[in-house]
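Peer 1: based on what follows, work out the 3D shape:
(one chain, ligands or ions: 1)
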Amino acid sequence: MTIPDITILHDQPIRTWFNCGGVAHRLARPVNVQEVVRCVEVDAQLRVLGDGANLLVADGGVRELVVVLEGGEFGRVEIDRERGVVSAGAGVKLPGLIHEAIKAGLCGLENLGGIPASIGGAVVMNAGGAFGQIGDYVLAVQGVTRRGECVVVPREEIRFDYRHADFGGHAGLIVTRVDLGLVKGDSAAARAKLLEVMAYKKRTQPMAAYSAGCTFKNPVLGADVAGVGVAGSRVSAGMLIDKAGCKGVRVGGAEVSVQHGNFFVTHPGCTAGDILGLMGLVARRVREEFGVVLSAEVAVWGVYD
Ligand SMILES: Cc1cc2nc3c(=O)[nH]c(=O)nc-3n(C[C@H](O)[C@H](O)[C@H](O)COP(=O)(O)OP(=O)(O)OC[C@H]3O[C@@H](n4cnc5c(N)ncnc54)[C@H](O)[C@@H]3O)c2cc1C
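Peer 2: Prediction:
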């Protein structure tokens, strides 16, 4: 089916870092902003697929139009070394961009080493960790709203919170391009920092296994919990999962990593249902043990009431 200049493909696999899950019943690959606007006309509820590094797709697949921002202008990078500005299309992969910026003598992004993401997905999730978060570098975001308007949202209007970006009046913004402000610096020092960040990640996380990184958000405690933390503090979900005795627990082909309790890794034959089952089981055990409710960090598509 072709709707003006947008080709809609049917029953296409969705590549995710879990390496399992259902298909996109309808999928489009726009290459410019006008085509994204057309996609919104086709389905204002559309889902944007980034690098699939924080995504679980239910086995039955996704009813909404799935939009992949990869080609054309969404894969382009412009670097203005003098102004310290890197402008990247939403589909540009973060690890490659870190190297490009370092090569150009622009520093900052090396703090985000070891995070698989598209730039769009990284900004929407405010990806980061012990060494910083992408929101620290964002100057402006371009996007398409669910009403089909093209907007530029300046930094001042974006609220970056823990694993979340709020684009003011533009809820559900489809991010198409991001301007990042970096500082001129020493490429060798930035490369050394990147290696340090990567080494830390390899030591603490199962980077070689299929997973979507942290499964649950680190919760804020509603009350003091003995041996865990005081009311109002944000505590590690991985620590709670570990203390609840869940490391190594399996449902079908899904397993709580023995290296990092908040990473759920998948084995051959794993289904999205296995991962959802494991998420339910672990969340239940943590609630029973500590009275703490865990909420998913991974985006879950295709679960309908
Ligand atoms: C091994 C491993 C390690 C990880 N380590 C970290 C870490 O240290 N810190 C961290 O924060 N995360 C980490 N993650 C999770 C993941 O890297 C981040 O959440 C990342 O931001 C996901 O980006 P993505 O492009 O893959 O988004 P996807 O997984 O494709 O999508 C995630 C969500 O973002 C939305 N989205 C994606 N692109 C756009 C867009 N252009 N416009 C609007 N919405 C969009 C999707 O619709 C979806 O809701 C890790 C994941 C893995 C597999």
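Peer 1: number of residues surrounding whatever residue of the stretch 151-300 of the chain ends up closest to the ligand?
Peer 2: Proximity of the stretch 151-300 of the chain to the ligand (C-beta to the nearest ligand atom) peaks at residue 213, 2.4 Å away. For the C-beta atoms, the positions are set from N, CA and C on the backbone; glycine is no exception. Neighbour count for residue 213, taken as other C-beta atoms under 10 Å: 24.
Peer 1: would residue 284 count as being in a helix?
Peer 2: Yes. Assessed by DSSP: H, G, I helix; E, B strand; the rest coil, residue 284 belongs to a helix.
Peer 1: and it, how many neighbours?
Peer 2: Using other C-beta under 10 Å, the number of residues around residue 284 comes to 12.
Peer 1: show me what contacts it?
Peer 2: By C-beta atoms under 8 Å, 6 or more residues apart in numbering, the contact set of residue 284 is empty.
Peer 1: same check, this time on residue 285
Peer 2: Residue 285 neighbours (C-beta under 8 Å, 6+ apart): 244-246.
Peer 1: return the member of these nearest to residue 54.
Peer 2: residue 246 (20.5 Å; C-beta to C-beta).
Peer 1: the closest one: which element?
Peer 2: Per DSSP states H and E: residue 246 is located in neither a helix nor a strand.
Peer 1: what do you get for residue 288?
Peer 2: Per DSSP H and E: helix 272-290 holds residue 288.
Peer 1: what average pLDDT does that helix get?
Peer 2: Averaged over helix 272-290, pLDDT sits at 98.
Peer 1: would you mind listing what in the chain touches the ligand?
Peer 2: 17, 47-55, 69, 90, 115-118, 120-122, 124-125, 127-129, 163, 174-175, 207, 211-213, 299 (C-beta under 6 Å from any ligand atom).
Peer 1: how many other residues sit next to the residue lying closest to residue 166 once chain neighbours are set aside?
Peer 2: Counting by C-beta to C-beta, 6 or more residues apart in numbering, residue 166 lies nearest to residue 159, which is 4.2 Å off, once chain neighbours are set aside. Residue 159 has 12 neighbours, counted by other C-beta under 10 Å.
Peer 1: check whether residue 159 really touches residue 165, as I assumed.
Peer 2: Yes. Residue 159 is in contact with residue 165 according to C-beta atoms under 8 Å; the separation is 7.3 Å.
Peer 1: now the common contact residues for those two.
Peer 2: What both residue 159 and residue 165 touch, as defined by C-beta under 8 Å, 6+ apart, is an empty set.
Peer 1: picking that back up, just the residues of the chain next to the ligand: which are in helices?
Peer 2: If you go by DSSP state H, the residues of the chain next to the ligand have 120-122, 124-125 in helices.
Peer 1: which residues does the residue in the chain sticking out farthest from the centre contact?
Peer 2: Outermost residue of the chain with respect to the C-alpha centroid, by C-alpha atoms, centre = their mean, is residue 226; its distance is 32.0 Å. Contacts for residue 226 were tallied using C-beta under 8 Å, 6+ apart; there are none.
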